[in-house]
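Student: The following comprises the amino acid sequence and a computationally predicted model.
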Amino acid sequence: MNNAFIIGQYVPGESIVHRLDPRTKMIIIFLFVIVVFFANSVWSYGLLTVFSLLCALTTRIHFSYILKGLTPVWFLIVFTLLLHLIVTKEGDVLFRVFSYPIYSGAVAQGAAISLRFFLLIMVTSLLTLTTTPIEITDAIESLLQPLKKVKFPVHELALMMSISLRFIPTLMQETEKISKAQASRGVDFRTGTAKERIQAVVPLLVPLFISAFKRAEELAMAMEARGYQGGEGRTKLRELKTGRLDISVYALFAVVVILLFIIRD
Amino acid sequence: MATTTKQSSNLLKLIILALLGTISMMLMFLNFPLPMLPQYLKVDFSEVPALIASLIFSPGAGIIVEAVKNLLYLIYTGAGDPIGIASNFLAGVLFVVPVSMLYHKFKGVKSLVSGLVTGTVVMAVGMGLLNYFVLLPAYSMFMGWESMSDQVKLVTVTGGILPFNVIKGIVIGALFVPLFIKLKPWLEKKRMAAS
């Protein structure tokens, strides 16, 4: 567990992307994920790449930082590319690696699909880079409103998510405190056989669960005392607003999509 | 908590499940890959809080904890691997629900152990089938791989998914049984208060 995990991936900033309504970001990303699958030519991929890079640039987050966030998926991207080079047998033989033929179709397909995957991951990661977890939760609550009609507990879900987010740092500290306390009593978390290490987790989890329940009881009491009565008529500290900026971003995205459908094969 | 109204016990339950979901998500980051199995298959203890919730309340509570855990994970790490997150949720549900159903029927340590065994089998077989028919095809579509041949899928399922889920079930069980024995009196008290 490290510090990066407490704050998530969020990078504070004042850029246009940071200031967008989180709902706008989520809707556009959702549509982008669908639209990417319609790209099928050099030009259409080029258009989407330019659009994604523009988005990344406007966040004013250092590009190397964005790429660093993608480390876990580099492996998958490279693996996909290699798989295509080996398996696909279309087009002419371009060159041979140790007498194994590499086809032009394989290079084209592998490159296109790796690029597609790269764009998908980069654009979705822009959301977590420029939006706080709380904003994302608010946006999810607002976007799921229609589900209230079918009795889906939207408000309860959002409440649970905000409580969870609020308590991540608290419970992390708690875990650290307990593990230090138990280590000072002689519990060994790091060495020993697999079985011993599994069982060393028990004295960590018992106090953690009990204190979590105590906290829950206190919080429930405090919320009741302040008159919490469920979602009806509850006001918000942070209101989500769709402004002029959001509308122009939607318009820009619409232009990109229309262009894409014109230039694709 | 005998004097609390129905509403506040609902709120309390909601908060408890949220906190258990948080602990679950924290435990998810303490994962360790198993030797001999591919890198994306990792064992963690994130199922334990969901088990606790499902034993105190109901199988549904366990499902909610699993959902909170995976939503938090999604919000924190981004949507790079949506199918992985969906699989984690499905595996968790397939494991927790049988354990809790058996436990609520018979109670006691013995029924818990048989529940954990059943849960492990249900999870391993269920995830094997889901991977063969849904998840692996979805992966290969998402990644643009040529759709996998049945033979490749069969090897992945029998050589990776099945043993992995069995080992995962055994590891979680090895932790959960001693934990449960320690927590039993306290759990019983909480269950009385909840019902």
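Tutor: Yep, that arrived.

Student: Wait, A:P22 touches A:E141, no?
Tutor: No: under the criterion of Cβ atoms under 8 Å, A:P22 is not in contact with A:E141, lying 10.6 Å apart. No exception for glycine: its C-beta is placed from N, CA and C like everyone else's.

Student: Contacts only, for the most centrally placed residue in chain B.
Tutor: In chain B, the C-alpha nearest the mean C-alpha coordinate belongs to B:G92, at 2.3 Å (Cα atoms, centre = their mean). B:G92 makes contacts with B:46-47, B:50, B:62, B:66, B:69-70, as judged by Cβ atoms under 8 Å, 6 or more residues apart in numbering or on different chains.

Student: switch to 6 Å and redo it
Tutor: B:47, B:50, B:66 (Cβ atoms under 6 Å, 6 or more residues apart in numbering or on different chains).

Student: Tell me the one among the residues you listed nearest to A:G91.
Tutor: B:E66 (46.2 Å; Cβ to Cβ).

Student: in the stretch 1-150 of chain A, which spans are helices?
Tutor: If you assign secondary structure with DSSP state H, counting those that start in this stretch, the helices in the stretch 1-150 of chain A sit at A:3-7, A:16-19, A:22-36, A:42-58, A:63-68, A:71-87, A:104-130, A:133-143.

Student: For the shortest one, buried residues please.
Tutor: When burial is assessed from 16 or more other Cβ atoms under 10 Å in any protein chain shown, helix A:16-19 yields the following buried residues: A:17-18.

Student: got the residues of the stretch 151-265 of chain A near chain B?
Tutor: Proximity of the stretch 151-265 of chain A to chain B is assessed by Cβ under 6 Å from any Cβ of the partner chain, with A:156, A:160, A:163-164, A:167-168, A:171, A:198, A:201-202, A:205-206, A:212, A:216, A:219-220, A:224 identified as the residues in range.

Student: From the residues you listed, list the buried ones, please.
Tutor: Burial of those was assessed by neighbour count (16+ other Cβ under 10 Å); the buried members are A:156, A:160, A:163-164, A:167-168, A:171, A:198, A:201-202, A:205-206, A:212, A:216, A:219-220, A:224.

Student: out of those, which are inside helices?
Tutor: For these, the ones inside helices are A:156, A:160, A:163-164, A:167-168, A:171, A:198, A:202, A:205-206, A:212, A:216, A:219-220, A:224, with DSSP state H as the criterion.

Student: Who are the packing partners of the top helix by length along chain B?
Tutor: With secondary structure taken from DSSP H, chain B has its longest helix at helix B:162-194. Using 3 or more Cβ pairs under 6 Å, 6 or more residues apart in numbering or on different chains; DSSP states H and E as the contact definition, the elements that helix B:162-194 packs against are helix A:202-225, helix B:47-56, helix B:108-130.

Student: Highest mean neighbour count across those helices, which stretch is it?
Tutor: Scoring these by mean neighbour count under mean count of other Cβ atoms under 10 Å in any protein chain shown gives helix B:47-56 as the most buried, with a mean of 28.

Student: Averaged pLDDT, the host helix or strand of A:A181. What do you get?
Tutor: Secondary structure assignment for A:A181, by DSSP states H and E: helix A:154-184. The predicted model gives helix A:154-184 an average pLDDT of 88.

Student: by how many degrees do that helix and helix A:133-143 diverge?
Tutor: Following axes from the mean of the first three to the mean of the last three Cα atoms, to 10 degrees, one obtains 150 degrees for the angle between helix A:154-184 and helix A:133-143.

Student: Which positions within helix A:154-184 qualify as buried?
Tutor: By neighbour count, with 16+ other Cβ under 10 Å as the criterion, the buried positions of helix A:154-184 are A:154-165, A:167-168, A:171-172, A:174-175, A:178-179, A:182.

Student: No further questions, thank you.
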